[in-house]
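[1] Quick one, fold the following:
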Amino acid sequence: MKNSLFIRFLRKDLFLGLNSNKTRYFLSLLLFVYLSYMFTKELSIAENKASSITNFWFYFFQGIGVYNPSSGVPFVIPFTWIIIQVIIALLVLNYPSRDLFTTGVQSLIRIKKRSYWWTSKCIWNFVTIIFVYLVAFICAFIFSAFLGEISLNFSDDFFCLQKNYNGSIIVIIYLMPVLTSIAISMVQMLISILLKPIYSFVIVICYLIVSSYYCSPILIGNYSMLLRSSVFDIGKINFITAVIVDVLVIIFSAIIGLFYFNRVDIIKKG
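    Okay, here's the model as predicted:
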């Protein structure tokens, strides 16, 4: 009986939560189609006739290399990376709060299981993030197929092959942006419950901009910029460190959110 109640919560969140984001998912689709097209144009200019799925993926999430203020070179915001992060932040912006202070209140009063509500929202959060990255992957797949190279390996002429690499780098390239986005979105969802959704959005975007300026393990936005990864000899973000920190952020956000949500006066807060 308890499991069936939780499944009902989860089904409702997945249906309503994903459905409420249809416009934002469409925007993400347009963005990745546009980026794929721009990368294809760059390949055409460079007279490269093919490019793999991973080449496109890297183009989406490369970010910028580590910025050195003492170099005298002006800082340039990685607009492509920032825009992707903004869309992701918009996807998790307000559904939990909107649900909590509308139909969610009646559901919680009826079943008296706040842990079900919060756990369901955490799973919805994971699915939302994975779905937007799936959109990115599908765009990369379609354009790479159009160019005649459906492969998860880098194309032979891709710049990162100036050094030897193995299959583990491919795992890093696909895992780190997704895992980092889940960690950041969990923090955003927690802040939106503690404060308000708009505050959580502003805080997250400012945090990500700061991450693009400073390279530090504390600023986990660095983890999703592939050019910051130590595997490319351009940055200094260690993969193992990044995974551990991301996982800890996800776990602590879930625990703190559950602890707070079990004690807050929902009606008064609403």
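[2] Next, count neighbours for S253.
    22 (other CB atoms under 10 Å). All C-beta spots, glycine's among them, are computed from the backbone N, C-alpha and C.
[3] wait, what's in contact with it?
    For S253, the contacting residues are A183, M186, V187, M189, L190, by CB atoms under 8 Å, 6 or more residues apart in numbering.
[4] Now it: which helix or strand?
    Assigned by DSSP states H and E, S253 belongs to helix 239-261.
[5] again, but for M38
    helix 22-45.
[6] In that helix, which residues are buried?
    R24, Y25, L27, S28, L31, F32, L35, S36, F39, T40, L43 (16 or more other CB atoms under 10 Å).
[7] can you map out the helices along the stretch 51-200 of the chain?
    Secondary structure of the stretch 51-200 of the chain by DSSP state H, counting those that start in this stretch: the helices cover 53-61, 79-91, 95-100, 103-111, 114-147, 167-194, 197-213.
[8] quick one: low-confidence parts of the protein?
    1-3, 45-50, 103-112, 156-167, 233-235, 264-270 (pLDDT under 70).
[9] The most centrally placed residue in it: what's it in contact with?
    The residue lying closest to the centre of the chain (CA atoms, centre = their mean) is S181, at 2.6 Å. If a contact means CB under 8 Å, 6+ apart, then S181 has Q85, I88, I129, Y133, S224 as its contacts.
[10] residues contacting the last one?
    If I follow you right, that is S224. Each residue near S224 by CB under 8 Å, 6+ apart is listed here: F61, G63, W81, Q85, M176, P177, T180, S181.
[11] and the gap between the first one and Y199?
    I take that to be F61. 26 Å (CB to CB, to the nearest Å).
[12] what does the fifth one give?
    M176 sits 27 Å away from Y199, taking CB to CB as the criterion.
[13] So for these two, which sits in the more crowded spot?
    More crowded of M176 and Y199, by other CB under 10 Å: M176, with 24 against 13.
[14] Name the nearest residue to that one, ignoring sequence neighbours.
    For M176, ignoring the flanking residues on the chain, the nearest one in space by CB to CB, 6 or more residues apart in numbering is Y223 at 5.4 Å.
[15] give me every residue that touches the one you found.
    Taking CB under 8 Å, 6+ apart, we find Y223 in contact with M176, L179, T180, I237, A242, V245, D246.
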